[in-house]
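Colleague: Return a 3D structure for these sequence lines:
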Amino acid sequence: MPWHVPEEYAQYLRHVSGQTVIMGRRSWEIFGADLTTTHNLVVSNSSQVKGARAVPSLAQALTRAAETERTIFIAGGASIYAQALERDWVDEMYLSTIHGDYTGDSFFPMWNAADWEAVRREAHARFDFVVWRRRRP
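Modeller: Model prediction:
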């Protein structure tokens with residue numbers, strides 16, 4: 001990521017601690033070493049992922065995660081986020097908006113704010129944090 005906001009990352013780690021985290025292989029390679037207190041499922045074509053359980057698809061990861069008593073967090077990357085949102089597999093989003101302008105080649109997918117309700121907002125010096133809950137009919 002082109003930014004470094006330690007207080008935002010620490011908040012993320014507090015949220016996922018003790019829970020189930022699903023992410024793609026590249027995200028795991030970047031962040032996995034910090035996820036020692038979570039049950040980790042990595043979507044990967046490889047059957048071996050050091051420190052985590054590898055699963056071949058997001059659907060299978062969600063099935064395995066549902067077998068636990070833990071809250072499930074989907075933690076990237078961009079294609080994993082997109083799949084989860086497109087297939088309506090997300091009930092809540094914990095989104096941080098980092099202050100500043102950054103360049104990059106991966107982005108959080110577009111989503112329709114009208115389909116979601118902000119249920120918690122926190123303003124911080126270098127980022128804003130919002131919990132969004134999907135509006136269900």
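
Colleague: burial of R136, as a residue count?
Modeller: Using other Cβ atoms under 10 Å, R136 has 7 neighbouring residues. Using the backbone N, CA and C atoms, a C-beta is placed for each residue, glycine as well.

Colleague: who's in contact with it?
Modeller: Contacts for R136 (Cβ atoms under 8 Å, 6 or more residues apart in numbering) come out as none.

Colleague: Tell me the secondary structure at it.
Modeller: coil (DSSP: H, G, I helix; E, B strand; the rest coil).

Colleague: Return the distance of it relative to D34.
Modeller: 33 Å (Cβ to Cβ, to the nearest Å).

Colleague: tell me the phi and psi of R120?
Modeller: Torsion angles at R120 (phi, psi; degrees, to the nearest 10) stand at phi -160, psi 140.

Colleague: Dig out what it forms beta bridges with.
Modeller: V131 (DSSP bridges).

Colleague: quick one: contacts for it?
Modeller: Per Cβ under 8 Å, 6+ apart, neighbours of R120: F129, V130, V131.
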